[in-house]
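Student: Need the 3D shape of this:
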Amino acid sequence: MFLQRVISVIDTVNDRIGCVVSWLTLAMVVTAVIVALLRYVFSIGFIWMQESYVWMHGMVFMLGAGYTLLHGGHVRVDVFYARFTPRKKAWVDLLGVFFLLWPMLAIVGWVSWDYVAKSWADRETSFQAGGLPAIYILKSIIPLFCFLVGLQGLSLSGKAWMTLKGRRDG
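Tutor: A predicted model of the protein is given here:
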């Protein structure tokens, strides 16, 4: 079935991106420890190194958001949802994607578009001397976040639709 193949591709893409991006958490911790040791033990500081773990932090959250949605890790008020039947959960998921997730992503994508475009046009760099160049690349993760989470929303709504049509357990 076509819908099942689309869902599978989207889930695989977000799962793989999430697994790759998760390694940035280790790199982020190692970098933060090195920055602290250099600063407090050797009185040495590198702005680019400090900025690098901020970049990694942003990448983990923005690129890992689709993975988190795939695995049900986003905040949800489960007081009622946990007790719902698979059909009721499917309705909540379907309506949540259409009326909450996609409108929010559309707003974020729309608002960020000029912000990212201006950054690219200016070839924006760090405001700090010795900081990382190419901040426009980091800012480009915002529309990528919208795309990846939007795709995962498509997968989630497809799964909900299949559940409602009786083609999936939910």
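Student: any idea of the mean pLDDT in the helix or strand harbouring Ser8?
Tutor: In this structure, Ser8 sits in helix 2-42 according to DSSP states H and E. For helix 2-42, the mean per-residue pLDDT is 97.
Student: cool, and stretch 108-127?
Tutor: Mean predicted lDDT for stretch 108-127 stands at 96.
Student: Contacts for that stretch, please.
Tutor: 47-48, 51, 131-136, 139-140, 142-143, 145-147 (C-beta atoms under 8 Å, 6 or more residues apart in numbering). For glycine as for every other residue, the C-beta is placed from the backbone atoms N, C-alpha and C.
Student: same question, stretch 3-11
Tutor: With contact meaning C-beta under 8 Å, 6+ apart, stretch 3-11 is reached by Leu70, Leu151, Gln152, Leu154, Ser155, Gly158, Lys159, Trp161, Met162.
Student: With adjacent residues omitted, what lies nearest to the fifth one?
Tutor: Same thing as Ser155. In this structure, Ser155 finds its nearest non-sequential neighbour in Ile10, 4.1 Å apart by C-beta to C-beta, 6 or more residues apart in numbering.
Student: Please save the CA atoms from the helix or strand following the helix holding Ser8 in CSV.
Tutor: The helix or strand immediately downstream of helix 2-42 is helix 47-63, counting by DSSP H and E. Only the C-alpha atoms of helix 47-63 are listed here, as CSV (Å, rounded to 0.1, in the frame of the first residue of the first chain):
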residue,chain,number,x,y,z
ILE,A,47,35.0,31.5,21.6
TRP,A,48,34.5,29.2,18.6
MET,A,49,34.6,26.2,20.9
GLN,A,50,32.1,27.7,23.3
GLU,A,51,29.8,28.6,20.4
SER,A,52,30.2,25.1,18.9
TYR,A,53,28.4,23.4,21.8
VAL,A,54,25.6,26.0,21.5
TRP,A,55,25.3,25.0,17.8
MET,A,56,25.3,21.3,18.7
HIS,A,57,22.6,22.0,21.3
GLY,A,58,20.4,23.7,18.7
MET,A,59,21.0,20.9,16.1
VAL,A,60,20.1,18.2,18.6
PHE,A,61,16.8,19.8,19.4
MET,A,62,15.8,21.1,16.0
LEU,A,63,16.9,18.1,14.0
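Student: Thanks a lot, catch you later.
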